[in-house]
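**Student:** A structural model of the following input is requested.
(chains A and B)
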Amino acid sequence: DQQVKQNSPSLSVQEGRISILNCDYTNSMFDYFLWYKKYPAEGPTFLISISSIKDKNEDGRFTVFLNKSAKHLSLHIVPSQPGDSAVYFCAATLGNDYKLSFGAGTTVTVRA
Amino acid sequence: NAGVTQTPKFQVLKTGQSMTLQCAQDMNHNSMYWYRQDPGMGLRLIYYSASEGTTDKGEVPNGYNVSRLNKREFSLRLESAAPSQTSVYFCASSEVWGDTQYFGPGTRLTVL
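**Tutor:** Purely as a prediction, here's the structure:
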């Protein structure tokens, strides 16, 4: 049973607008969350992360928000650029386990 | 720096055939991982090697074996391939166990 869920398989957004990607998790013991970005024919690359002791982490155009009570996190990309068109995976780890549990991914398409 | 390299890029096998997927990293990382990615499932951990000389099962180890040949190389073997093992396989490495993982470009395997 998947413990990390990305319920939107795809998202289309206009260039310059905000992209909001959502991720839900079921295991309340998860304490570290990551977003990976993947282009076709390439491996995933690390984008941004957040610890469960925080509710927001920002890195340039990318911000991740964590709502522990709702077991929900989101990734905001502002402004969206054509190079942001990719598959985005949400992942979570548990204490000292460190094994990543991934969501199924959301394909983002940024329209010119 | 090539990062994480995987060979082959593509492979087609018949049911019952065996093969080994190769992975090498040139970042002097201690930990290495094998994942499979299936549609709608995200990435799932098959096996990992937290440090040279150790290997452990991940979420979906059945039907696979691994060898940490040295610090650089971590191979994944399918002894008797089955159609259920049709997938894209990613190798990853991290400086230490629990650190950010860097992924290779993947091997697309089809088992007929």
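**Student:** Kindly report the residues of chain B close to chain A.
**Tutor:** Residues of chain B lying near chain A by C-beta under 8 Å from any C-beta of the partner chain: B:4, B:40-45, B:48, B:58-59, B:90, B:92, B:97-98, B:100-106. Where C-beta positions appear, they are placed from N, C-alpha and C, glycine not excepted.
**Student:** For ChimeraX, what selects the buried ones among the residues you listed?
**Tutor:** Command for ChimeraX that selects the buried part of the residues of chain B next to chain A, burial taken from 16 or more other C-beta atoms under 10 Å in any protein chain shown:
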select /B:4,42,43,44,45,48,58,90,92,97,98,101,102,103,104,105,106
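**Student:** Return the set of residues that bridge with the residue lying closest to B:Asp99 once chain neighbours are set aside.
**Tutor:** Computed as C-beta to C-beta, 6 or more residues apart in numbering or on different chains, the closest residue to B:Asp99 that is not its neighbour in sequence is B:Ser31, at 7.3 Å. Counting by DSSP bridges, B:Ser31 is bridged to B:Ser94.
**Student:** And B:Tyr48, by the same measure?
**Tutor:** B:Tyr33, B:Asp56.
**Student:** give me the number of residues near A:Glu49?
**Tutor:** Quick fix: residue A:49 reads Ser, not Glu. Per other C-beta atoms under 10 Å in any protein chain shown, the neighbour tally for A:Ser49 reads 17.
**Student:** residue nearest the centroid of chain B?
**Tutor:** Central residue of chain B (C-alpha atoms, centre = their mean): B:Trp34, 3.0 Å from the mean position.
**Student:** what residues are up against the closest residue in space to B:Lys14 that isn't next to it in sequence?
**Tutor:** Nearest non-adjacent residue to B:Lys14, counting by C-beta to C-beta, 6+ apart: B:Leu112, 5.5 Å away. By C-beta atoms under 8 Å, 6 or more residues apart in numbering or on different chains, the residues touching B:Leu112 are B:Val12, B:Leu13, B:Lys14, B:Thr15, B:Pro83.
**Student:** now B:Leu112: how far from chain A?
**Tutor:** Remark: distance between B:Leu112 and chain A (C-beta to the nearest C-beta, to the nearest Å) = 22 Å.
**Student:** And that residue, how far from B:Thr86?
**Tutor:** 9 Å (C-beta to C-beta, to the nearest Å).
**Student:** Then A:Asn67?
**Tutor:** Taking C-beta to C-beta, one finds A:Asn67 at 37 Å from B:Thr86.
**Student:** Tell me which of the two has more neighbours.
**Tutor:** B:Thr86 (16 against 11).
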